[in-house]
Every structure is written in C-alpha cells, then in structure tokens.
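Peer 1: Model the structure of this input:
(chains A and B)
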Amino acid sequence: MSKFFVTTPIYYVNDAPHIGHAYTTILADVLSRYHRTIGDDVFFLTGLDEHGQKVMQAAQKRGLSSQAHCDDLAPRFLNLWKTLDIEYDDFIRTTQERHKKIVQLVLQKVHENGDIYTDEYEGWYSIAEERFITEAEYGSGQFRDVKKLKEKNYFFKMSKYQQKLIDHIQAHPDFIRPEHRKNEMLGFLRQPLGDLCISRPKSRMDWGIEIPFDRDYVTYVWFDALVNYISTPGYGSDEAKFNKWWPADVHLIGKDILTTHSVYWTTMLFSLGLSLPKTIFAHGWWLIGQTKMSKSLGNVVNPLDLIENYGVDAVRYYLMREMVLGLDANFTFDSFIKCYNSDLANDFGNLLNRVSGLIQKNHGGQIPDPGTLGNEEERIKLEAVSLPARIKDLINEYKVQEAVSLTLDFVRILNKYMEVQAPWKLAKTDMKGACRVLYTAAEGLRISSIMLSPVMPEKTALVLSILGANQTLPVWGELKPGTVLQAHPPLFPRIEVEKN
RNA sequence: CGCGGGGUGGAGCAGCCCGGUAGCUCGCAAGGCUCAUAACCUUGAAGUCACAGGUUCAAAUCCUGUCCCCGCAACCA
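Peer 2: A predicted model of the protein is given here:
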C-alpha cells in the first residue's frame, strides 16, 4: 500500500466560492477517492487563508473583529464542500493556533539559517487601497492616490536558491506539470530572481501572524499561507505523521499561482532543508464564452445553482469530463446539457434501465446465472477486467478526462453488445442465452460504476445498491446470480431543452 | 528577434515525440431495433490536417520560413 497526499490551495476567505474553487477541490476529491478505492492511504488537505488586509478591512466595515468575520465566512466554503461531496481529511484555517505556531517556528528557522534580512522597501503605495502595488499595476494607471513610499521590512533570500531550483526542475520532469508550464517557469528563472518581502508593520496591518523575532511586524501572505502544506501534516509538531505524508504527491493549483508555488514555496522548502513536493500541477481556467470568468464581468457561475437543478454528480462529471487537465475549458450551459444527456442519461443511466428492466420482465427480478460465456462475453469480460489497469495509468498521468472517457467508451460497448445480442429476443427462444447476456451486461455495468465512483459517488453507489453489489471489487464475477434487483427511477432523467 | 503553446470535416477535441488507408464526441441525413430515459445500433454526407517551400518512395506527423490566435513576463481557482 502506498500513500497519496494531495492538496488544494487554501482559499481566501473573503472571496465568494465559485466554480474555480469548486473545480480544484472536486479534482482533489476525485483523485483522493480514486486512490482510496485502489487501497492507498490518502491524505487530502484543503482549507482557508484568513489573514491579510482585505479581511481586516471587511471586518472593520461590519463592526466585527477580524476573527469573528472569518468565523462567519468559513461556513460558506464548508457548506459548499458538503454539498459537493468533498471528503477532505483535514481543513486548515490559517488563524488556527496549530498553524500559527508552526509558521513562527518556520520563520525562526529560516531566520537562523541566515535567509531573512531587513531592508528598506521602496515602492508605489496606493493610499486608497492601503497597500503597495506592483510596477505593472502602477503602469496600468488604474490606481489613484499613488505615491512612492519607503518602509522597513523583512526579506527572504529567494535569490540564493535560484540555481538550485533550476537544477531541480530540470532533473525532475514531473515536478511542474503540464510540461509547458515547466518551460514557462524555466523561462521565468532565466532572469535574476529577486528576494521576497515577507512582512508588514503592524502599524499598517496587524491581522497576521506575528514575526517571532520582531513583534512590531506580522508576516505577509507567503509564509503565512504556503506553510499550511507542512504545518497540517505535522511539521514541527508530529514527526511520525509528517514523515509519513511529506513530501506531498501533488499540489493542485490554478495556473495563476504557479510562480507562488514553484518558486516561492520551493525556495522556502530549500531553506528549511525539506524535500519538495513530487508534482505541482497547474490546471487551466474555466472560461465563459471566450472570456475569463470574473466578478466585474458578472459572468461568474455559481456551482450551487447547477447542483440544485441537476444534482451534484452531474456537475462533478461535467467538470471532470470537459476539461483537459492543464488547458482552459469553456463552460457553457449548452455543453453541460449535451454532456449530461448523451453520457449520463442516454448511455450510462439508460444502460441501467435496459438491464434492470429486462431482468425484471423476463427473469423475475433476479440477476440470472451466466452459465458458460461465449466469445462475445469473453470479449466484454476482457474489456472490463483490463479497465482498472488502463484507468490507473491515466490517473497517474493526471489524465482524468481520458479516464472518464475510457469508462464511457466501455459503457457504449455494453450498449452495443445489448443491441447485437438482443436478450429481449433471446428470451423467447434461448433462455440460457438471455441469461448469459444480461448477466454480462449487468456485470459490465457494475465494473464501470466502480470506475466512475470517484467522480460520481452518489449515483454509482445507487447503481451498485440496485445491483446488490455494494463493496464489490472491479473483478469479473463478483455480481451474484440470484440477487434481487431493487426498483428505481431513471438514474439521470433527460434534460429537455425548449427549442426556440 | 523576451520565453512558451496552438491553428485538423458545422462545433469541441485526439493523432504529431517513434513518418505509411485522417480518429472520437456532438450536430446533420438515411436505415434498423423496439428491452430502455423519443433512448439504443448501423450506414452515409461533410476535412487542400493555417499558408509556402524542403527532406523522403511516402508528411497532419520531420526541417525552414510566413500569417493568425493564446499563455507566461512576481502575488484573482
């Protein structure tokens, strides 16, 4: 048995949860569930980033303490995860004591290693936003009341590890994925790397973790947030646990925070002398039409609306089926409906109805005995039993979309098999043949359900319970003849769209 | 010449690394079946594989150039 440690980013508590958050978290959940089904020991970590200026300001506006504000907002994410059937193993909040003390420990260590120094930071400061803005932001001209400001701050010697990082990326082709992101990072690293400002004076912003060697400062986002990946699995608090889980098998992130993870986080780990995560996987964005989803455009899709109407499994399936991991994907209502109707209603759901309907009608509602398999059945069996290994390869390559497609291909093979064998005809002339065909189709359906269970935990559990096959393995022959089928409504009722 | 990815039937994509009848899903047309959620199965129409050269017996696939689209260029999944 091997272990699998997967993380999502910790989400900023002030954002409203949207499809991007949901996507990353569902992806992590699908990978986790998959690894659990093959017997791996899984640790799935997600959580919230609760410090920083925006939180502080929002809390002040509401007349709440910053902590009370966070406590009020955190359930928005927790409730969404519940609705989305997310089975995480730990949920870290950066304001938790267990996290804060480890961040301080980390800062202390990095400081002792000589990787933190003070300097005067000079940059463009936006009075309206109460923060320093980047050169690029300044150049955009979107900020008013901007002035040059000098401030003493603490800096992390990121530059010191530049060459080591380049070497690591080149020596580990799976470290940054997909490959074109790796190339991007190597391109980025051809220029000299600067150091990282990691502090804020409390006089300006005090909602953060106090820097252990200077109480007038709090640490700013990087150490605060990224350290969650090691503080949660026990760094500095539970050595056995930490050694079991670290390094992470994969940090799942959006492509927008690739630099943060592959450069900032990585150099921090270098300073601590810890090993690096095996893979940092940057997925793409969900686009609406051809444009990015954004609050200002007002085109943000709330996953909860879709779930309410079509069920959580359909939404999970669509998100996994439609996006090639690493590339951007288009979210359209139309493609959602098509995906739902063709894959889930017509192919998967309908196969269940065909099989269970015939067994009900001609075989007294009991799964028939297959007798001796013929050539066609052997062919189906071969497809079925080779499926788990093929899917394992795809999942290990993070080709979730292909793994899902492959399973659906098998479902289509089963539909075709039914069509060709026509057990409804056989029942009139060759009862043994009808039994053999229906058993084979039902067994194929069972195995495909198991393969789809990480993506659609609820509906596949339903199918398996209808077949009386809960807790079974994707091995041929686990379906027991004689089992009484349960009656059921259509699994995925077709969505009828009004044509205009 | 900052770095990188891509341009394949009406739509969305795979194939390109390891040259050799252009594949999948959706849509469209005709037929079949009628167990099933008007679902399922078969067949068909539809592609100068961005463009121009080159290598080769043979190129979507390798090389060169051109045009167009997109991503990254330090902090929105």
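Peer 1: What are the buried residues along stretch A:25-44?
Peer 2: By neighbour count on 16 or more other Cβ atoms under 10 Å, the buried set for stretch A:25-44 is A:25-37, A:42-44. C-beta here means a position set from N, CA and C on the backbone, and glycine is covered the same way.
Peer 1: May I ask which two of those are separated the most?
Peer 2: Among these, the pair separated by the greatest distance (Cβ to Cβ) is A:25 and A:37, at 18.6 Å.
Peer 1: what number of residues lie near the closest residue to RNA strand B within the stretch 101-250 of chain A?
Peer 2: Among the residues of the stretch 101-250 of chain A, residue A:187 lies closest to RNA strand B, at 2.8 Å counting by Cβ to the nearest atom of the strand. Using other Cβ atoms under 10 Å, residue A:187 has 9 neighbouring residues.
Peer 1: Just the residues contacting whatever helix or strand residue A:280 lives in, thanks.
Peer 2: Taking DSSP states H and E as the definition, one finds residue A:280 inside strand A:279-283. Residues outside strand A:279-283 that contact it (Cβ atoms under 8 Å, 6 or more residues apart in numbering) are A:23-24, A:27, A:174-178, A:181, A:249-255, A:257-258, A:261-262, A:323, A:325-326, A:398.
Peer 1: change it to 6 Å
Peer 2: Under the criterion Cβ atoms under 6 Å, 6 or more residues apart in numbering, residues A:174, A:176-177, A:181, A:250-253, A:255, A:258, A:261-262, A:325, A:398 lie in contact with strand A:279-283.
Peer 1: model confidence over stretch A:211-223, on average?
Peer 2: The average of the pLDDT scores along stretch A:211-223 is 90.
Peer 1: which of the contacts of strand A:279-283 are close to RNA strand B?
Peer 2: Here is what survives when the contacts of strand A:279-283 are matched to RNA strand B using Cβ under 7 Å from any atom of the strand: A:253, A:255.
Peer 1: Could you give me the buried positions within whichever strand or helix holds the residue of the stretch 101-250 of chain A closest to RNA strand B?
Peer 2: Per DSSP H and E: residue A:187 is located in helix A:179-188. Neighbour counts using 16+ other Cβ under 10 Å place A:181, A:182, A:184, A:185 of helix A:179-188 among the buried residues.
Peer 1: per-residue pLDDT, the second one?
Peer 2: Right, residue A:182. Residue A:182 is assigned a predicted lDDT (pLDDT) of 79.
Peer 1: give the contact list for the residue nearest to it when sequence neighbours are not counted.
Peer 2: Spatial nearest neighbour of residue A:182, chain neighbours left out: residue A:176 (4.0 Å); criterion: Cβ to Cβ, 6 or more residues apart in numbering. Shown in contact with residue A:176 (Cβ under 6 Å, 6+ apart): A:182, A:185, A:262, A:280.
Peer 1: Quick check: residues of the stretch 301-450 of chain A near RNA strand B?
Peer 2: For the stretch 301-450 of chain A, the residues in contact with RNA strand B (Cβ under 7 Å from any atom of the strand) are A:324, A:327, A:330, A:338, A:342, A:345-350, A:352-354, A:357-358, A:361, A:405, A:412, A:415-416, A:418-420, A:422, A:424-425.
Peer 1: Show me which of those are buried.
Peer 2: So, by 16+ other Cβ under 10 Å, the buried ones in these are A:345, A:346, A:347, A:348, A:349, A:350, A:352, A:354, A:358, A:415, A:418, A:424.
Peer 1: Now, those that are in helices?
Peer 2: A:350, A:352, A:354, A:358, A:415, A:418, A:424 (DSSP state H).
Peer 1: show me what contacts residue A:437?
Peer 2: A:421, A:423.
Peer 1: likewise residue A:93?
Peer 2: Taking Cβ under 6 Å, 6+ apart, we find residue A:93 in contact with A:47, A:48, A:50.
Peer 1: Looking at the ones in helices among the buried ones among the residues of the stretch 301-450 of chain A next to RNA strand B, which one is closest to residue A:112?
Peer 2: The closest of those, once distances to residue A:112 are taken by Cβ to Cβ, is residue A:352, at 61.9 Å.
Peer 1: just to revisit the earlier point, CA-only coordinates of the strand holding residue A:280 in PDB, if you can.
Peer 2: As requested, C-alpha coordinates have been extracted for strand A:279-283 and formatted as PDB (Å, rounded to 0.1, in the frame of the first residue of the first chain):
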ATOM      1  CA  THR A 279       4.400  17.400  -8.500                       C
ATOM      2  CA  ILE A 280       2.900  20.800  -8.700                       C
ATOM      3  CA  PHE A 281       0.000  20.600 -11.200                       C
ATOM      4  CA  ALA A 282      -1.400  23.800 -12.600                       C
ATOM      5  CA  HIS A 283      -4.800  23.400 -14.200                       C
END
